[in-house]
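[1] this is the structure alone, sequence omitted:
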C-alpha cells in the first residue's frame, strides 16, 4: 500500500484520487498513519436479487402456528346495545 505525507497529499490530492488502486493510500502526519483513502465502490445495484436461489422458505411464513379466535361476537361488533 502506498504511503504519502499529509502536506504532499494536500498539494496533489485530486491527481492522487484519480490514480487510486484497489489497495488505497495511507496518509501520514509526522510519519504516523492518520487516514486511509480507498476507492469508493457502488454496490447498491448488486443487492437486488443477490440472494436468488439461495433461500428456501419452509412452511407458512404468514402464520404463527397458534390457533386463535377472531369472531365478530367476541369483540362486540354484533351487539344490539349501542351505548
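    Right, received. Where do you want to start? All values derive from a computational prediction rather than experimental measurement.
[2] for whatever helix or strand residue 36 lives in, buried residues please.
    Using DSSP states H and E, residue 36 sits in strand 32-37. By neighbour count on 16 or more other C-beta atoms under 10 Å, the buried set for strand 32-37 is residue 37. For every residue, glycine as well, the C-beta is placed using N, CA and C.
[3] could you pull up the mean pLDDT of it?
    Average pLDDT, strand 32-37: 97.
[4] which strands or helices does it pack on?
    helix 6-18, strand 25-29 (3 or more C-beta pairs under 8 Å, 6 or more residues apart in numbering; DSSP states H and E).
[5] which residues sit against it?
    3, 6, 16-17, 20, 24-28 (C-beta atoms under 8 Å, 6 or more residues apart in numbering).
[6] now a ChimeraX select for only the buried ones of those residues.
    Listed next is the ChimeraX selection for buried residues among those, using 16+ other C-beta under 10 Å:
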select :16,25,27,28
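[7] out of the contacts of strand 32-37, which is nearest to residue 65?
    Of all the contacts of strand 32-37, residue 65 sits closest to residue 24, with 49.9 Å by C-beta to C-beta.
[8] ok, now which ones touch the closest residue to the closest one other than its chain neighbours?
    Leaving aside its sequence neighbours, residue 24 sits nearest to residue 38 (C-beta to C-beta, 6 or more residues apart in numbering; 3.8 Å). Residue 38 is in contact with 20, 24-25, counting by C-beta under 8 Å, 6+ apart.
[9] which one of those residues sits closest to residue 42?
    residue 20 (14.7 Å).
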